[in-house]
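Enquirer: Need a 3D model of the following:
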Amino acid sequence: MKTILLVCSAGMSTSLLVTKMEAAAKDAGVECKIFALPFSDAPRVLEEVDCILLGPQVRFQKGAIEKMAAGRKAGAIPVDVIDMRDYGTMNGKAVFDKAMSLLG
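Expert: Numbers count the residues shown, from 1 in each chain. I've put the predicted structure just below:
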């Protein structure tokens, strides 16, 4: 099972995206855990996640997250920014597909 972390600023709209991504995962027959946390809470879960997607509102934190993700014990985690259009339209399938492409 893969674990996907969405990093956001407050988590309100991102929690809706999580729900839509979970539906996309279910439709695809993929078992995964998807959750959202604010940037300040992300470091405490790095050892538990396989992929990190940043909300467009925190894209400026990508370098900091990549640095933290590279230093975790289990090895580096792929990190990317959610497309602004996909985020704005809450396109859970597109964001889920992006996460799957990062996971290989």
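Enquirer: shaky segments in this structure?
Expert: Within the chain, the stretches with pLDDT under 70 are 11-12, 74.
Enquirer: Do a quick rundown of the helices in it.
Expert: Along the chain, counting by DSSP state H, helices occupy 12-28, 62-70, 84-88, 92-103.
Enquirer: hmm, what's the outermost residue in this structure?
Expert: Relative to the centre of the chain, the most outlying C-alpha is that of residue 73, 19.2 Å out, by C-alpha atoms, centre = their mean.
Enquirer: so who does that residue touch?
Expert: Residue 73 sits next to residue 47 when contact means C-beta atoms under 8 Å, 6 or more residues apart in numbering. Every residue, glycine included, has its C-beta placed from N, CA and C.
Enquirer: which phi and psi does the residue nearest to residue 85 when sequence neighbours are not counted have?
Expert: Distance criterion C-beta to C-beta, 6 or more residues apart in numbering; nearest residue to residue 85, sequence neighbours excluded, is residue 91 at 7.6 Å. When quoted as degrees, to the nearest 10, the phi and psi of residue 91 stand at phi -80, psi 80.
Enquirer: and residue 91, how many neighbours does it have?
Expert: By the criterion of other C-beta atoms under 10 Å, residue 91 has 19 neighbours.
Enquirer: so how far is residue 33 from it?
Expert: Counting by C-beta to C-beta, to the nearest Å, the gap from residue 91 to residue 33 is 20 Å.
Enquirer: now do residue 14
Expert: Distance of residue 14 to residue 33, given as C-beta to C-beta: 15 Å.
Enquirer: For the two, indicate the residue with more neighbours.
Expert: In this view residue 14 and residue 33 are compared by other C-beta under 10 Å, and residue 14 has more residues nearby, 25 against 15.
Enquirer: I'd say the more buried one and residue 6 touch.
Expert: Yes: with contact defined as C-beta atoms under 8 Å, residue 14 counts as touching residue 6 (5.1 Å).
Enquirer: who are the neighbours in contact with the closest residue to residue 82 other than its chain neighbours?
Expert: Closest residue in space to residue 82, ignoring its immediate chain neighbours: residue 53 at 5.1 Å, by C-beta to C-beta, 6+ apart. If a contact means C-beta under 8 Å, 6+ apart, then residue 53 has 4-7, 79-82, 95, 98-99, 102 as its contacts.
Enquirer: Nice, that's everything, thank you.
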